[in-house]
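**Q** attaching a predicted model along with its sequence, questions to come.
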Amino acid sequence: MGRSGILDLYFLFRILVFSVCVCVVYSQEEEASQMYTISSFTYARTSIRPYEWRYIKVDLPSWFSSMTLALESDVNVSDIKIVGNDSGNSVPMICFREGSPPLPDVYIPLTGLVAGYISNDSFLGTQSLQNADKCYPMQKQIFLKLTNEQISPGTWYFGLFNGIGPVRTQSKMINRGSLYSFHGNISVEGCSMSSMQGPFCNQSVNSLSCSGIDNILSTKLNNVIACQNAKGIICHVNYSPQVYSLDVMGIVEELVVTVSNVTFSRLQLMRNCSLMCFARHEAVPVNTLYDFSGDIAKGPLVIKLPKSGQWYITVQLVDFSNTSDTVQSRNFTSCYMLQCLVNQCPPDKAGSNCTFQRYMLQTVLRRNPAVPFESHYVPISGNLSSISPTHPEFPVEPFLSNYTEGNSTDSWTFFVMDIPYGSAGGNIHLRVSSDEKINYEVYARYGGLPSLDRFDYFYANSSSSSNGSMYFKLYDSKEKQISFYLLLVRAGTWSFGLRKSNNSMPTSQASIALSLERCPRKCSDHGTCQSAVDVSGLMLYSYCTCDRNHGGFDCSVKLVSHQGKFINCGSFEVAIFLACFFFRHIQQSIFLIASNAAAILPAYWALRNKAFAEWVLFTCSGIASALYHACDVGTWCMLSFHVLQFLDFWLSFMAVVSTFVYLSTISESAKRTIHTIVAILTALLAETGPTRAKNIAYVLGIGALALVIGLCIEFTTHNGWFLFTSNFHLNLPERWEAMKQWICRIFKMILKRFHWGFIAAGFLLLGMAAVSWEMEKSESYWIWHSLWHIFIYSSSFFFLCSKVNAGNDGDETVSNVAGYELTR
């Protein structure tokens, strides 16, 4: 081959490479043009203190393709096995749930905790996460990219918890433990064309057009809507799938997917392959992830009581025999005409034959509710004029269905209610009461009518119900009364089915009450209902803040026994034993209250040396601390909790600073000035954030500064400043010699001012007090804080003893200032 031939091949190769690159770039640009960013939120660094939590809300529209969540935190969970030990209730966790905020500690044992780290695979099979949530240990870095094949459109909530369990909602004097902070970004990508779906917006979706048709299936069905592809007959090439979408509006009885005019290009396909149909609610199904499936070439796929919303249907030729290798090597086609039938009953009827009664409930807002978005529901019906819109209960019997269907002896009555989107995260309270034994069963479902095999929650009797599931809480299960809550429900349509067997004895004078409440049982009268917003500020949610003796999401768990007994909260399963809050009331009282007797030491010394201001401060500080802790453990509250807390911290701060001021010997007016300034500063600390750990450093800093100022005043009063004394010379050598003498006098004064053995003992006890402060946790608070009282008062006693009487000071003596009062 000549040189020209080699050059021709070289140029031809370069042209081929260039063409391939152009095709790849064009493909990537075309793919990118089909996707765009729907939303992107950046969350600034936020700190979560012990037993606090934050919610993050993410809205995913129907056309979203993927969601990316990137969080970075400073947690220190080195081993996930820590979740299973006795300190597991303080482990930082991340939980997620669809539709409403997660609430992981409704029940003990906890069933939603996973002993592993969160990943993209954690969201497989999340269809049941409307009624449950999953929780994972928090990590330093979390990066998730979830596609619309893994999670469905709607509202998703991520909850970040720094400890869970009954003590999470308990009012605590000091919330000890490790805090952590996080920041991150959440972005949502979507498809720019409504006809394209999938993680990369490369899956075409055929929207089925619907229209009403004459009733050809049953004379009892009043409304049948037929939906089919506008193109008519569809043909598949090889095993490629076809995706269709269908909007189901409102409450329907069944969705039927059927095909006609099915043809195959090869006879072998009819023997070895199936025309499979996969249906999924609110997400594109695949052959490994779907809600319903069936071979529609052999018979229709019937979905009973489908949920309202968008349904996706994937039709694909599937070879189950694994013998059609020769067929796979060639092109073949399969054709059919797809049709979906949506069967609906009239607005006041339900059931496959439309023989059951269905009632729409109207919302009646409560007058002057204590918290927002509370209401109760009554039927929209003219059957009973005695229903009062201001009364939450209505009788059941006038609304019952009198018919049964098929061979069943059961009759159903359905009540449908709508939860506004502004009320998402509320709690549905259902109560049934009767003057005789109740023979009704209650079934609840979101988005569609419930049945015996399709429901979210149910109550049949005291031994058969959803009690124990994560968001169903049964409070009353008597023969004549039923009361339960559906917790943190999602916004949308909820249906309640009242099932009654005709073989059962009739129930007379039964009434039912349905209401939407922000906090279950009004926090059991042991707390207050609080409202807050999520991190983005777009969602309002409510929670209970319990008193010192109770905890739990509804303040129903008693944590402090007034009889001196341990309160056992149970144990967590799934390799988790979250520590329960054990408190012995008498033991707490003895340690926390009696330990304040250590204030007698500095108070006695101050009184003996006629330091009356210090005596008053230490005496009042010990008394205020004892009264505060007596109220804190539930023994006796002389004043309100807030007033006692303020007095305890303020007087403690003042006593510490007063100790430093006392070590300097200055005039009474100077001391009063310093005390006044210190009183204002410490009052601000005690009012704005008394339990902050930084307050110790602030108080010690203020005290040290006051001591330095006092010593400076004392020294300059008798020796003056160096620059303004006669020892200041313009000659540099003489000035330096005079300065050394001036500094030496300062050191001599400081050395003779104190008994340094007492100073060392004071600092040792002060260090032990700091260690006790750092060791305080919610579970061991009572013992460490008792030691804190002993150490801090003892250190003040030694510091007071360290001051040398001015009359024995030697060279630079100053007149001792007599005892003074803090105020006149």
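**A** Nice, I can see it.
**Q** remind me, longest strand of this protein?
**A** strand 35-48 (DSSP state E).
**Q** tell me the buried residues in that strand?
**A** M35, I38, I48 (16 or more other CB atoms under 10 Å). Just so you know, the C-beta spots here come from the backbone N, C-alpha and C atoms, and that holds for glycine as well.
**Q** give the pairing partners of the next helix or strand after that strand; include direction for each.
**A** The helix or strand immediately downstream of strand 35-48 is strand 53-60, counting by DSSP states H and E. Applying DSSP bridges, strand 53-60 is found paired with strand 154-162 (antiparallel).
**Q** so after the partner strand, what's the next helix or strand?
**A** Next helix or strand after strand 154-162 toward the C-terminus (DSSP H and E): strand 180-191.
**Q** now do that following strand against strand 35-48, angle only.
**A** Strand 180-191 runs at 170 degrees relative to strand 35-48, counting by axes from the mean of the first three to the mean of the last three CA atoms, to 10 degrees.
**Q** helices or strands up against strand 180-191?
**A** Contacts defined by 3 or more CB pairs under 8 Å, 6 or more residues apart in numbering; DSSP states H and E place strand 180-191 against strand 35-48, strand 53-60, strand 64-73.
**Q** show me the contact partners of the shortest one.
**A** Contacting residues not belonging to strand 53-60 are listed as 39, 43, 46, 48, 67, 69, 101, 148, 151-162, 168, 186, 188, 534-536, 538-539, 541 [CB atoms under 8 Å, 6 or more residues apart in numbering].
**Q** please save the CA atoms from that strand in CSV.
**A** Extracted in CSV, the C-alpha atoms of strand 53-60 (Å, rounded to 0.1, in the frame of the first residue of the first chain):
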residue,chain,number,x,y,z
TRP,A,53,-35.6,17.3,65.9
ARG,A,54,-36.1,19.0,62.5
TYR,A,55,-38.3,18.1,59.5
ILE,A,56,-37.5,18.6,55.9
LYS,A,57,-40.3,18.7,53.4
VAL,A,58,-39.8,17.8,49.7
ASP,A,59,-42.6,18.1,47.1
LEU,A,60,-42.3,15.8,44.1
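**Q** quick one: buried residues of whichever strand or helix holds T263?
**A** Using DSSP H and E, T263 maps to strand 254-264. Neighbour counts over strand 254-264 (16+ other CB under 10 Å) mark E254, L255, V256, V257, T258, V259, F264 as buried.
**Q** just the CA trace of it, in CSV.
**A** Only the C-alpha atoms of strand 254-264 are listed here, as CSV (Å, rounded to 0.1, in the frame of the first residue of the first chain):
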residue,chain,number,x,y,z
GLU,A,254,-62.8,-1.1,40.0
LEU,A,255,-60.3,-0.6,37.2
VAL,A,256,-60.3,-3.2,34.5
VAL,A,257,-57.4,-3.5,32.0
THR,A,258,-58.2,-5.6,29.0
VAL,A,259,-56.9,-6.1,25.4
SER,A,260,-58.4,-7.2,22.2
ASN,A,261,-57.3,-8.1,18.7
VAL,A,262,-54.1,-9.7,20.0
THR,A,263,-51.8,-10.9,17.2
PHE,A,264,-48.3,-12.3,17.2
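**Q** circling back: just the buried residues from the contacts of strand 53-60, in PyMOL please.
**A** A single PyMOL command selects the buried members of the contacts of strand 53-60 (16+ other CB under 10 Å):
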select buried, resi 48+67+69+101+148+151+152+153+154+155+156+157+158+159+160+161+162+168+186+188+534+535+539+541
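**Q** can you state the direction angle for the helix or strand containing F143 and strand 180-191?
**A** Secondary-structure assignment from DSSP H and E places F143 in strand 141-147. In terms of direction (the same axes, to 10 degrees), strand 141-147 departs from strand 180-191 by 20 degrees.
**Q** in strand 141-147, what counts as buried?
**A** Buried residues in strand 141-147 (16+ other CB under 10 Å): I142, L144, L146, T147.
**Q** also stretch 474-494?
**A** In stretch 474-494, the ones that count as buried by 16+ other CB under 10 Å are 474-475, 477, 482-494.
**Q** what about that stretch, how long is it end to end?
**A** End-to-end distance of stretch 474-494 (CA to CA, to the nearest Å): 18 Å.
**Q** and it, how far from the chain's centre?
**A** The chain centroid and the centroid of stretch 474-494 are separated by 21 Å, computed with CA atoms, centre = their mean, to the nearest Å.
**Q** and for stretch 523-530?
**A** In terms of CA atoms, centre = their mean, the centre of stretch 523-530 is set 18 Å apart from its chain centre.
**Q** show me where this protein has helices.
**A** 3-33, 267-272, 325-328, 585-588, 594, 600-608, 612-632, 641-662, 668-688, 694-719, 732-753, 756-775, 781-801 (DSSP state H).
**Q** now the ones you listed as a markdown table including mean pLDDT, distance to P199 and mean neighbour count?
**A** Formatted as a markdown table, these follow (pLDDT from 0 to 100; distance: least, CB to CB, whole Å; neighbours: other CB atoms under 10 Å):
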| stretch | mean pLDDT | distance to P199 | mean neighbour count |
| --- | --- | --- | --- |
| helix 3-33 | 51 | 11 | 10 |
| helix 267-272 | 64 | 30 | 14 |
| helix 325-328 | 44 | 26 | 12 |
| helix 585-588 | 64 | 56 | 17 |
| helix 594 | 86 | 66 | 14 |
| helix 600-608 | 90 | 70 | 19 |
| helix 612-632 | 86 | 55 | 22 |
| helix 641-662 | 84 | 54 | 22 |
| helix 668-688 | 84 | 50 | 16 |
| helix 694-719 | 77 | 48 | 16 |
| helix 732-753 | 70 | 74 | 13 |
| helix 756-775 | 85 | 49 | 16 |
| helix 781-801 | 87 | 50 | 22 |
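**Q** any chance of the ones you listed in CSV, plus distance to Q228?
**A** Shown next, in CSV, are the helices of the chain (distance: least, CB to CB, whole Å):
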stretch, distance to Q228
helix 3-33, 30
helix 267-272, 23
helix 325-328, 29
helix 585-588, 72
helix 594, 83
helix 600-608, 90
helix 612-632, 71
helix 641-662, 68
helix 668-688, 68
helix 694-719, 69
helix 732-753, 98
helix 756-775, 71
helix 781-801, 69
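**Q** for I118, which of the ones you listed is the nearest?
**A** With CB to CB as the criterion, I118 lies closest to helix 3-33 of these, at 28.3 Å.
**Q** make JSON lines from the buried residues of strand 254-264 and add distance to C546 and pLDDT to it.
**A** What follows is the buried residues of strand 254-264, written out as JSON lines (distance: CB to CB, whole Å; pLDDT from 0 to 100):
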{"residue": "E254", "distance to C546": "47", "pLDDT": "91"}
{"residue": "L255", "distance to C546": "46", "pLDDT": "93"}
{"residue": "V256", "distance to C546": "51", "pLDDT": "93"}
{"residue": "V257", "distance to C546": "51", "pLDDT": "93"}
{"residue": "T258", "distance to C546": "56", "pLDDT": "92"}
{"residue": "V259", "distance to C546": "59", "pLDDT": "90"}
{"residue": "F264", "distance to C546": "67", "pLDDT": "78"}
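**Q** from the residues you listed, which is closest to R518?
**A** Nearest to R518 out of the buried residues of strand 254-264 is L255 (CB to CB; 35.5 Å).
**Q** relative to L361, how far out is that closest one?
**A** Look at L255 and L361: by CB to CB, to the nearest Å, they are 25 Å apart.
**Q** can you tell me which one of the buried residues of strand 35-48 carries the smallest pLDDT value?
**A** Comparing pLDDT over the buried residues of strand 35-48, the lowest score belongs to M35 (82).
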